[in-house]
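**Q** Mind looking at a prediction? Sequence and model below.
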Amino acid sequence: MAEATPDRLGGIGAGRAHRTLYAEVVVRILKEKHLATFGAAVVLVLILTSIFADFIAQYEPNQISLKDRLAFPTWDHLLGTDQLGRDLLSRIVYGARISVIVGLSAAAVDTVVAAAIGIISGYVGGKLDLSVQRFVDAWMSFPGLVIILTIMAVLGPGMIQIIAVIGVSAGIRSSRVVRGATISVKENVYILAAHAIGCSTYRMLTYHILPNVMAPIIIIFTIAVGGAILSEASLSFLGFGVPPPAPSWGSMLSREGRTYMLQAPWLSLWPGIALSIVVYGVNVLGDGLRDVLDPRLRGTGE
Amino acid sequence: MGIYLIRRILLIVPTLLIVTVIMFLLVRIIPGSAVEIMAAEHLTETGEPLDPEDVRTMLGLDKPVHTQYGIWIWGVLTRGDLGVGLWSQNPVLPQIVKRFPISVELGILAVVMSIVIGLPIGVWSAIRQDTAGDYVGRTFAIGMLALPNFWLATLIVVFPAVWWGWSPPVEYIPLSEDWWGNLRQFIIPAFLMGTGMSATTMRMTRTMMLEVLRQDYIRTAWSKGLSGAMVINRHALKNALIPVVTVVGMQMPVLIGGTVIMEQIFVLPGVGRLVIEAVQGRDYTMISGINVFLAAFVLIVNLIVDISYAFLDPRIRYS
Amino acid sequence: MKIRNLMKTLSLIVLALALAAAIAACSGAEPGTADAPQPPAQAAPAVAPAQTTAGQAAQPEDPAPAAKAAPADPAAPAPTAAPVAETAPAPEREVAMEGPMIVTNTAGKDVEAPQYGGSFIGGWPTDVARCCDEAHTSWSGLYAVENTNEELLSGNWAKGSQGTGDAAFLIRGTLFLELSTGELAESWEFVDENTATFTIRQGVKFHNKAPTNGREMTAEDIVYNIRRMFSTDILDPNPSRTYSLYNNLYDSVEVIDDNVVELRSAPGNIGSLFQNVSQKLRHYAPDAIEHYGDLRDWRHLVGTGPFILEEYVEGASFTYGGNPDYWGMDPLLPENSLPYVDTLQWLIIPDRSTMIASMRTGKIDWLEAVGWEERASLNSDRIDLNESEYFQGGRPNGMVFMRSDGPPFDDVRIRQAMALAIDQPAIRDDFYGGNAVLFSSPVAPYAEFLPWFTPLDEYPQVVQELYQHHPDKAEALLDEAGMKRGSDGMRFTAQLLTYDGNVDLMSILQAMWMEIGVNVELDVKEYGVWRSLRGAREYTSMVDYGFSTVAPYLLPQFRPHGPVSHQGDPKVTEAYDTCAANLITNDPVCQAALNKLYPHLLEQSWYIETPSPKLWAMWQPWIKGYGGETTVGTDETYNFPKYVWNDQQLKADEGY
């Protein structure tokens, strides 16, 4: 089941020399971190579901059947139907795809932004670092949801906007962590040595700094996935989520789920459960990774 | 210490300036279509067509950007004038100031809740590391984080009303009039926000406790034969708490953001509601006013947290 | 391993709990229906019997809104609409029934004698924009001053549900003079085609607060307010749209005798001007305006109305106290002074779940625009709630307009085909559970507008078919118009601008158009953007729209410069001009012109009307002397609280 995980981790631009480290991480997680293993399994299932949604789902997610509206779960509709008679199981399955797209893309944007700002600011230091950090300070002082709403108001709703806004906004915040790691790596002897033999800046950054700050970057990525999925749900509640009729879990939960909470509680129950399990899984996986990867916390975890 | 303080305070000034620049530019890069939307809005509101160019003039977008910024920041600095609402033509700042205490109260109560929930679980998880209790506690805390709080809030609004004829209060009672009535109104949203935050508090407490519990002085305390409660309370917790306090302080921006949803569901007329109204009405002056105001507030809170951190923790010496 | 097992057990427990909660919730919501809840079939027939219990003036037309609840007849148990009538009639009701004093009102009805005191608390979904000065406010801003400031004319309460029942008073729109009565004006007269006079009521006092301190209102005050509204220099950058539109109608206003005011219009426009001045313009204390500059601060608001604004917490609530010096008497019980309740409160509750829960638990007394599913939910445990049924006269959405200024919709056959593809009865029966009216345009069949309304079956066959489901005809028309199915089975593609709140309905239409080979892409915007774009006509081919289905209000929508029209049809223009010239002063001429126009209007199929969903105003059983009116007058939304009273004993007995 969990064999696919190493590919996923290894895929994030790790140098060849670090392959073994990541294999070790996977083994440690499987052996020691049961919650994290559970989280990894959840993530795996989620990704598989989103890839094979077309095969798993019995119906089209937007196939309307007014005669069957708000049907209690039956054999025809295992999880029941919503207010337009759309099959909830199919919508949940296709919703996984949206969650994966929003979650992974936003997390990727987040990570790239965090890494770019953090590494450059930390590595170059001096005046650049000082001014970039004032910018990051300023950005971090904007209340999260408020600034996201603000940008959404400027850009208008849409999936791409959501991904960009959530990703960039969180990325600027988490660049702090990468910067810290970069600065501590910079002080290391081998970096000084590399400097001495005249490595180019590009080479320094990609071959020496980046691999060594990979641990916090991976942690940022995993935590960002859950955060992005939850943010999309919150935005849906406020009317700025992925526009309907797309079957996003957030909008299923916040729109029809809330409207029909009394008459048809399953409308909010299933997307709620799906969303919670995924966010929970991603979070415990992130926790586990942090325990394993972060040397400062090594041994303090489970 | 004194120098640190002054430096720390001075650092806020450029940050605040950047805040205003970011907000200013953000609102000014409104794509053309948004200006047209506003022109259309004017048509709907007044029945008179409006040239998009006039909207640009109305927003002051026809002047060069640095001139616009100069005019705006001058107003902010000299008169504390964040502008007037685009449609209402009412000054923005008084409206924010009027609503802000409500959000702050909600935020503070939420912090208290998160400590009340997160701290014991964190301590428990640390002492009983890797037991079932640890797992249950952590699962609870992270689980609460994983539930969208608007969903929990809806459960609380909808079901007790049917089952027991109870629903949350809907008439806003100011704190100054009736603190008990006020508290009853705030306690549920604060609890819901607190549970979400408690995951972070719990994790931080747990990690810090684990670290502290391994320290020599704790071992010494154990070996002196002090009771478990004594060691935990007097020695470990006290020392583990300091970074926890910082983290709680750092959560302020997240917290203020979170009030948006809770204020909507629990009928609290705070600044979060103002945000929603402004965003829905595309009142860009109001939106940027709120953002600048909140950012300034967050910066000041962080400053206070930092400074108190320095006072609290004797190990930290700033130079 | 151990931990794995533990986790498994845990997740099983959580699942079991969730299921239990779900089951408990279902059975709670739909007692008696174990699975598949199907409120549609059960809820629909409830309306008819309710009407008869109410003992009101017979409402001849089936789709006509019928006030169902019978506060006028307290002995009858609350008419029940829900399928769960027998489950829970509150036993306390009997206590309350012991001996209400019965009096006969001027309409000859025996009603429970009203009691003074108590409060009336209504729920509003949004805060008003820009309280409280009419010269600076928006439509919604007027809601806040509806009970504090009065107009020259108002709706005649004695013609409402508690009286003769001639008027439903449910929609903002045009009210005919025969249903009106003097408010600040005692009487009025049309002198010639450019002139009207008002005799101003004597003994009306401004609120007893600074700076008027309860002084008597004079004809000068009336003139001051009218001049202020039509003077262009007081209007700020956001002029009240009510008046900026009508400035060209106005000529002058003078006090010509002690208490007589003469209003003059631009030639031939006295009807429109009269309507705007007498039924839309609220009067404020000039002293306060002079003293404060304007009345945008709610503390400065001074009027003559039945309530005095005591507190406005922005985003939260409006609280009013009764005006002890109010001049008005109950038109149905002339010895009773108004208002009955001591306190009027509007609570702003933006979240719908919270709003419904507050109604359920008695935290608010009154709520309007309750949808059929919300109503079924409320009725599942609160069958004692009173209600009146209506459907929106001004629909915010659900009418799909097609751009007729370019292909493909410049071809009437294609427009008709789009309409024929829609299975209207299926939408009514399955999507709205039968709680919708198929045909309610161009004029809504309200009691007031019945003379203006032609039932569908009196229209030509071609119009009738547009409201039925004829996919074959639709396909034939499209073939005929040259829109043949392509190799992929599709004929053409169109874009439909809609907003997130109405996507459900639009998705249904989308699926139906797909059946005839038309691919309609939904362009889903957020509410504010959608509203703006449609207002500015910024849409490619189709738009989800709505308009007021109240007679003379309708036609501006079809004018070349109206917000929707893209056709500038000569027949429409002609009818509009006829109406504009004869409005108020000569209604039958306008009526005849419109009735002549309607078949043409509908046959052109410029818009597709989807069934109009029924809505309910609901109120607690202790609110009495009320039948669900919302707008007693042309433009006086929410001005009814002065007529209603609160049975505090009943409220206490029921435990609220």
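**A** Yep, that arrived. Numbering: from 1, shown residues only, chains lettered A, B, ... in the order given.

**Q** burial of the residue in the stretch 451-600 of chain C that chain B sits nearest to, as a residue count?
**A** Proximity of the stretch 451-600 of chain C to chain B (Cβ to the nearest Cβ) peaks at residue C:536, 3.2 Å away. C-beta: built from backbone N, CA, C; applies to glycine. Counted by other Cβ atoms under 10 Å in any protein chain shown, the residues lying close to residue C:536 total 20.

**Q** is stretch A:143-155 anywhere near chain B?
**A** Yes. Counting by Cβ under 8 Å from any Cβ of the partner chain, contacts between stretch A:143-155 and chain B involve A:143-155.

**Q** List the buried residues of that stretch.
**A** A:143-155 (16 or more other Cβ atoms under 10 Å in any protein chain shown).

**Q** Now the phi/psi pair for the residue of the stretch 51-200 of chain B found nearest chain A, please.
**A** Nearest residue of the stretch 51-200 of chain B to chain A, counting by Cβ to the nearest Cβ: residue B:146, 3.8 Å away. Main-chain dihedrals, residue B:146, degrees, to the nearest 10: phi -80, psi -20.

**Q** pLDDT at it, what is it?
**A** In the predicted model, residue B:146 carries a pLDDT score of 84.

**Q** Report the separation between it and chain C.
**A** Residue B:146 is 12 Å from chain C, where distance means Cβ to the nearest Cβ, to the nearest Å.

**Q** check which helix or strand covers residue B:21.
**A** Residue B:21 is part of helix B:2-28, with elements assigned from DSSP states H and E.

**Q** Show me what that helix is packed up against.
**A** helix A:126-141, helix A:144-155, helix B:65-79, helix B:284-312 (3 or more Cβ pairs under 8 Å, 6 or more residues apart in numbering or on different chains; DSSP states H and E).

**Q** nearest to residue B:260, of the ones you listed?
**A** For these, the distance to residue B:260 is smallest for helix A:144-155, at 5.4 Å, taking Cβ to Cβ.

**Q** what comes into contact with the closest one?
**A** Under the criterion Cβ atoms under 8 Å, 6 or more residues apart in numbering or on different chains, residues A:139, A:161-162, A:164-166, A:169, A:231, A:234-235, A:238, A:240, B:26-27, B:29-31, B:34, B:253-254, B:256-258, B:260-261, B:272, B:275-276, B:279, B:282, B:284, B:287-288, B:290-291, B:294 lie in contact with helix A:144-155.

**Q** picking up where we left off before, for the helix holding residue B:21, the distance to its chain's centre please.
**A** Centroid separation for helix B:2-28 versus its chain: 18 Å, with Cα atoms, centre = their mean, to the nearest Å.

**Q** Likewise for stretch C:598-610?
**A** So, by Cα atoms, centre = their mean, the centroid of stretch C:598-610 is 23 Å from its chain's centroid.

**Q** Please report the separation between the first and final residues of that stretch.
**A** 17 Å (Cα to Cα, to the nearest Å).

**Q** pLDDT of that stretch, averaged?
**A** 89.

**Q** repeat for stretch B:118-137
**A** 82.

**Q** Mind listing what's buried along it?
**A** B:118-119, B:121-127, B:129, B:134-137.

**Q** between the helix holding residue B:21 and helix A:126-141, how big is the angle?
**A** Angle, helix B:2-28 to helix A:126-141, by axes from the mean of the first three to the mean of the last three Cα atoms, to 10 degrees: 70 degrees.

**Q** Residue C:601 against residue C:574, yeah?
**A** No. Residue C:601 is not in contact with residue C:574 according to Cβ atoms under 8 Å; the separation is 12.0 Å.

**Q** Compare these two and say which is more crowded by neighbours.
**A** Higher neighbour count among residue C:601 and residue C:574: residue C:601, with 21 against 13, using other Cβ under 10 Å.

**Q** Would you mind pulling the contact partners of the strand or helix carrying that one?
**A** Remark: residue C:601 resides in helix C:587-603, with elements defined by DSSP H and E. The contact list for helix C:587-603 (Cβ under 8 Å, 6+ apart) reads C:176, C:412, C:441-443, C:451-452, C:454, C:459-460, C:462-463, C:466, C:551-552, C:555, C:558, C:571-572, C:574-575, C:578-579, C:582-583.

**Q** change it to 6 Å
**A** C:442, C:452, C:459-460, C:462-463, C:571, C:575, C:578-579, C:582 (Cβ atoms under 6 Å, 6 or more residues apart in numbering or on different chains).

**Q** strands paired with the very next helix or strand once past that helix, and their directions?
**A** Remark: after helix C:587-603, the chain's next helix or strand is strand C:607-609, criterion DSSP H and E. Applying DSSP bridges, strand C:607-609 is found paired with strand C:399-402 (antiparallel).

**Q** can you list contacts of whichever helix or strand comes after the strand it pairs with?
**A** Next helix or strand after strand C:399-402 toward the C-terminus (DSSP H and E): helix C:412-420. Around helix C:412-420, the neighbours that count as contacts under Cβ under 6 Å, 6+ apart are C:402, C:408-409, C:466, C:470, C:473-474, C:477-478, C:481, C:605, C:608.

**Q** And stretch A:279-299, by the same measure?
**A** Residues contacting stretch A:279-299 (Cβ under 6 Å, 6+ apart): A:25, A:28-29, A:33, A:35-36, A:39-40, A:42-43, A:215, A:219, A:222-223, A:225-226, A:229-230, A:301, B:142-143, B:146.
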